[in-house]
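>>> Here is a sequence with its predicted model. Questions after.
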Amino acid sequence: MYFAATALALLIERFAGYPQFLARQIGHPVEWIGRFIAWLDARLNPADEPGNRVAGIIALLALLLVSGCLAVAVALLLRQLPYGWIAEAVIAIPFLAQKSLRDHVLAVADGLDISIEQGRIAVSRIVGRDPDGLDRSGVARAALESLGENASDGVVAPAFWLALFGLPGIVLYKSINTADSMIGHKSPRHLSFGWAAARLDDLVNLPASRLTGLIFALAAALSSREKARTAFAAMARDAQRHASPNAGWPEAALAGALGIRLGGPRSYGGRPVDLATMGDGRSDLDASDIRDGLRLYGRALSLLTALCVALAVLF
């Protein structure tokens, strides 16, 4: 187990994020993964002759083989050093997204304080739905849904796999998650080719999504036992009604803890979609609700880091 490295990576990344000077000099490791996925997509799934599931499985296996072998090689090298676990934690930092998620969601609240249009511009950077038709509540709802889902995908899940398997665990997870975001959608070109990436992403996010919901509920308990109760109740009632097998757990917990309602109608590419609602609270939302969500998110991050520290001491 790699609890100490996970705790250190979480602590550093939460406040420092990925250094901008490194991003300018060498780019971001997730971007490297994305470029390799794009290369595989172009070779095995050309636009004029979209690939099938077999081609998608081959692409996914190639991605996991390359990224996994590189991560294992680096990890084995670092583990020969006296304090190699510290270096492993530092290298894992770019694969976490605590600070980036907070900054992007806070930008939506700040944008809404200025105008509805600024809120729409900010939220369009973190969600795929059409922003033009969103009112203030719709913008706030979109930001909070992104906060809930990405707290799982961008923070808890990578930390979970880092804690279990070290650097190879977090690199392989991020490779799968990036593949899902790039080719796992239901466009005509990627419906078959991205099938394996989408299914594997659902699988590797299954434990962390439930854990994220639990952490949100426990974080709510730090301020109110009633908020924790409604968070647990919302998860039990609504999580499995979500279109995603995983996103409903953190979103329902967040909605219950904040006493609000998430989900419902929206549109993607001009196509209306009506999703199940998460939570049974009020639906009239604003920037203050986004900030309440971010405060809960901050407490959840503290709980997650404290859990890793405790497990590092025990094991």
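That came in fine, so what should we check first? Because the structure is predicted, anything quoted here is derived from the model rather than measured.
>>> Identify each buried residue in the lowest-mean-pLDDT helix or strand in the chain, please.
None of the helices or strands of the chain scores lower by mean pLDDT, DSSP states H and E than helix 20-26, at a mean of 87. Of all the residues in helix 20-26, not one is buried under the rule 16 or more other C-beta atoms under 10 Å. All C-beta spots, glycine's among them, are computed from the backbone N, C-alpha and C.
>>> Heading C-terminal from that helix, find the next helix or strand.
helix 29-44 (DSSP states H and E).
>>> next SSE after that following helix?
helix 53-78.
>>> Please name every helix or strand in contact with that next one.
helix 29-44, helix 84-92, helix 157-183, helix 195-221 (3 or more C-beta pairs under 8 Å, 6 or more residues apart in numbering; DSSP states H and E).
>>> about what we covered before: using CSV, write down the CA coordinates of the least confident helix or strand of the chain.
The C-alpha trace of helix 20-26 is given here as CSV (Å, rounded to 0.1, in the frame of the first residue of the first chain):
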residue,chain,number,x,y,z
GLN,A,20,2.8,26.5,-14.5
PHE,A,21,6.5,26.8,-15.4
LEU,A,22,6.6,23.0,-15.9
ALA,A,23,3.4,23.2,-18.0
ARG,A,24,5.0,25.8,-20.2
GLN,A,25,8.3,23.9,-20.5
ILE,A,26,7.2,20.2,-20.9
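>>> where's it relative to the chain centroid, distance-wise?
Distance, stretch centre to chain centre, for helix 20-26: 22 Å (C-alpha atoms, centre = their mean, to the nearest Å).
>>> And the nearest residue to Pro168 once chain neighbours are set aside, how far from Ala92?
Spatial nearest neighbour of Pro168, excluding adjacent residues (C-beta to C-beta, 6 or more residues apart in numbering): Ala71 at 4.2 Å. Going from Ala71 to Ala92 by C-beta to C-beta, to the nearest Å gives 10 Å.
>>> anything in contact with each of these two?
Common neighbours of Ala71 and Ala92 are listed as Leu167 (criterion: C-beta atoms under 8 Å, 6 or more residues apart in numbering).
>>> These two: which is more packed in?
Each of Ala71 and Ala92 has its neighbours counted (other C-beta atoms under 10 Å); Ala92 has more, 28 against 24.
>>> dump the residue contacts of the more buried one.
Ala92 touches Ala5, Thr6, Ala9, Pro158, Leu162, Leu167, Ile170, counting by C-beta under 8 Å, 6+ apart.
>>> count of neighbours near the fourth one?
Look at Pro158: counted by other C-beta under 10 Å, it has 26 neighbours.
>>> what do you get for the fifth one?
Around Leu162 there are 28 other residues, counting by other C-beta under 10 Å.
>>> pLDDT score for it?
We have a pLDDT of 99 for Leu162.
>>> Over to the last one?
Reading off the per-residue confidence, Ile170 sits at a pLDDT of 99.
>>> Quick check: it touching Ala97?
No - taking contacts as C-beta atoms under 8 Å, Ile170 lies outside contact range of Ala97: 11.6 Å.
>>> Now the two most distant members of the contacts of Ala92.
Farthest pair in these (C-beta to C-beta) is Ala5 and Pro158. Separation: 12.3 Å.
>>> can you state the direction angle for the helix or strand hosting Ala257 and helix 195-221?
Element membership for Ala257 (DSSP H and E) is helix 248-258. If you take axes from the mean of the first three to the mean of the last three C-alpha atoms, to 10 degrees, helix 248-258 sits at 20 degrees to helix 195-221.
>>> for helix 248-258, the distance to its chain's centre please.
15 Å.
>>> what packs against that helix?
helix 136-151, helix 195-221, helix 225-238, strand 262-268, strand 271-278, helix 287-314.
>>> try it again with 6 Å
Helix 248-258 sits against helix 136-151, helix 195-221, helix 225-238, strand 271-278, with contacts defined as 3 or more C-beta pairs under 6 Å, 6 or more residues apart in numbering; DSSP states H and E.
>>> Pick the most buried one from these.
Highest mean neighbour count of those: helix 136-151, a mean of 25 (counted as mean count of other C-beta atoms under 10 Å).
>>> Please save the CA atoms from that helix in CSV.
Presented in CSV, the C-alpha positions along helix 136-151 are these (Å, rounded to 0.1, in the frame of the first residue of the first chain):
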residue,chain,number,x,y,z
ARG,A,136,-28.6,31.4,-13.1
SER,A,137,-29.9,28.3,-11.5
GLY,A,138,-28.9,26.2,-14.5
VAL,A,139,-25.3,27.6,-14.5
ALA,A,140,-25.0,27.0,-10.7
ARG,A,141,-26.5,23.5,-11.1
ALA,A,142,-24.1,22.6,-13.9
ALA,A,143,-21.1,23.8,-11.9
LEU,A,144,-22.1,21.8,-8.8
GLU,A,145,-22.8,18.6,-10.9
SER,A,146,-19.3,19.0,-12.4
LEU,A,147,-17.9,19.5,-8.9
GLY,A,148,-19.5,16.3,-7.7
GLU,A,149,-18.6,14.1,-10.6
ASN,A,150,-15.0,15.4,-11.0
ALA,A,151,-14.3,15.2,-7.3
